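Engineer: for reference, the sequence and a predicted model appear below.
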Amino acid sequence: MTLSTAVDRSAAHRPPLAVQVVDWLSRYSAISTTVLLLIVAAIVTPTFYDETNLRTVAVQTSALGIVVLGQMVVLLVRGIDMSVSAVVAVTGVIATSAAGGGANIAISLAAAVGLALMVGLVNGLLITWRKVPPFIATFIMFIVVSGALLAYTKAQTSGSAPAWLRRVGSGSIAGVPLPTIIWIAMGLLLFGVLTRTIWGRYVYSVGANPEASRHAGVPVFAVTMSAYVLCALCALVGGLMYSGYSGYIDQNLGNNVNLNSIAAAIIGGVAFSGGRGGVLGAAVGALLLTVLTNMVVVAGLEIYWQLIAQGLVLIFAVAINGLRDRWIRDTA
């Protein structure tokens with residue numbers, strides 16, 4: 001085979017320009033959009049760059065970003081978790097009982113971890129064993145946990161966050177907010193696990209083609225179960241961050257986390273169809289949503305502009321992902 005023949009064949013199998021552009025947008029649009037927003041903020045709302053506001057953005061991004069890490073893994077295995085906001089809220093309520101010494105803190109944290117594990121396991125069992133669609137299974141858990149929380153709190157504010165929790169949510173090390181350090185550490189750990197371990201390869205394999213993975217000997221049920229347990233645990237850590245930063249606890253804590261965690265992951269290039277996405281993209285998606293929300297607040301706009309802006313960004317991301325999947329499938 002001559003060199004010219006090889007070049008011709010390579011060109012023939014090269015994706016069209018439109019597919020390449022859509023593929024690039026699905027991978028890197030969150031990064032470019034975030035950079036653009038930061039430039040716009042410097043021009044339109046320079047107070048965005050005040051030290052206090054930047055710290056607020058860092059803490060809020062970190063709390064959301066931790067939840068997004070778990071949501072990303074669930075999306076990678078073709079799932080979705082609508083129960084994370086309930087776990088976030090109940091974590092804060094449980095944490096308020098740890099107002100005493102170390103023993104109380106340990107008991108409260110153990111109770112919160114136990115609840116998160118239970119939610120993750122039930123979600124996984126409903127989906128893998130009972131074949132309940134992920135949206136319905138996790139939404140059922142959201143209703144159950146939210147109802148139990150409402151009954152426990154009697155729709156009243158549960159109280160102020162204890163001092164140890166405020167230190168977790170608002171403390172810093174060498175000027176860097178503690179939630180940001182925790183988020184980065186968790187992100188690096190998850191990145192290593194997804195890219196360097198057999199479990200990580202299994203996650204992407206199950207998302208790409210669960211039936212083929214099952215025939216290849218991949219433990220699809222176990223991998224799916226572990227994804228939902230991990231998501232619940234990430235929601236627990238995120239709940240601690242939200243509670244410690246806000247300083248108060250009630251059943252409405254984390255109300256928007258379901259939508260925002262899914263939106264951030266999708267905006268960051270994680271596919272609804274599973275098997276594609278990564279930690280960096282999900283992290284940038286969390287940053288993009290937080291910056292967008294904060295800019296609306298700093299600019300003094302009405303709250304509904306937050307929802308409009310987030311909705312438009314999410315529509316764009318979903319459209320790009322859908323086009324990418326369809327066009328690449330058609331040209332394969």
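Structural biologist: Perfect, thanks for sending it.
Engineer: so the residue nearest the centre of the chain, which of the three states?
Structural biologist: The centre of the chain sits closest to residue 68, judged by CA atoms, centre = their mean, with a distance of 1.1 Å. Here residue 68 is helix, with the state taken from DSSP: H, G, I helix; E, B strand; the rest coil.
Engineer: tell me how far residue 123 lies from residue 142.
Structural biologist: Distance of residue 123 to residue 142, computed by CB to CB, to the nearest Å: 10 Å. Just so you know, the C-beta spots here come from the backbone N, C-alpha and C atoms, and that holds for glycine as well.
Engineer: these two: which is more packed in?
Structural biologist: residue 123 (29 against 20; other CB atoms under 10 Å).
Engineer: is it true that the more buried one touches residue 141?
Structural biologist: Yes - using CB atoms under 8 Å, residue 123 is in contact with residue 141, at 5.6 Å.
Engineer: circling back: I figured the residue nearest to the centre of the chain hits residue 265, correct?
Structural biologist: Yes - in this structure, residue 68 is within contact of residue 265 by CB under 8 Å, at 5.5 Å.
Engineer: what about residue 300, how many neighbours?
Structural biologist: If you count neighbours by other CB under 10 Å, residue 300 ends up with 7.
Engineer: and the pLDDT for it?
Structural biologist: Here, the pLDDT recorded for residue 300 equals 85.
Engineer: joint contacts of residue 123 and residue 142?
Structural biologist: residue 83 (CB atoms under 8 Å, 6 or more residues apart in numbering).
Engineer: tell me the mean pLDDT for stretch 75-86?
Structural biologist: 96.
Engineer: what's the end-to-end length of that stretch?
Structural biologist: 18 Å (CA to CA, to the nearest Å).
Engineer: ok, back up a step: what's the overlap in contacts for residue 68 and residue 265?
Structural biologist: Residues touching both residue 68 and residue 265 (CB under 8 Å, 6+ apart) are 282, 285.
Engineer: can you map out the strands along this protein?
Structural biologist: Using DSSP state E, the strands of the chain run over 159-160, 172-173, 176-177, 248-249.
Engineer: show me what the second one is in contact with.
Structural biologist: Right, strand 172-173. Identification of contacts with strand 172-173 by CB under 8 Å, 6+ apart yields 178, 181.
Engineer: switch the cut-off to 6 Å
Structural biologist: Outside strand 172-173, the residues that touch it by CB atoms under 6 Å, 6 or more residues apart in numbering are residue 178.
Engineer: mean confidence (pLDDT) on that strand, please.
Structural biologist: 94.
Engineer: parallel or antiparallel, list what pairs with that strand.
Structural biologist: strand 176-177 (antiparallel) (DSSP bridges).
Engineer: just say which of the strands of the chain is most tucked in.
Structural biologist: strand 248-249 (a mean of 20; mean count of other CB atoms under 10 Å).
Engineer: adjacent strands (with direction) for that strand?
Structural biologist: Strand 248-249 is paired, per DSSP bridges, with strand 159-160 (antiparallel).
Engineer: what is the rounded mean pLDDT of the partner strand?
Structural biologist: Taken as a whole, strand 159-160 has a mean pLDDT of 73.
Engineer: thinking residue 168 is in contact with residue 244, fair?
Structural biologist: Yes - with contact defined as CB atoms under 6 Å, residue 168 counts as touching residue 244 (4.5 Å).
Engineer: who's more crowded, those two?
Structural biologist: Between residue 168 and residue 244, residue 244 has the larger neighbour count (other CB under 10 Å), namely 26 against 20.
Engineer: I figured residue 68 hits residue 262, correct?
Structural biologist: No - contact criterion CB under 6 Å: residue 68 and residue 262 do not qualify, at 8.6 Å.
Engineer: sketch out the low-pLDDT regions of the stretch 1-150 of the chain for me.
Structural biologist: Residue ranges of the stretch 1-150 of the chain with pLDDT under 70: 1-15, 18-19, 21-28, 98-103.
Engineer: please redo it, this time with the cut-off set to 80
Structural biologist: 1-30, 95-104 (pLDDT under 80).
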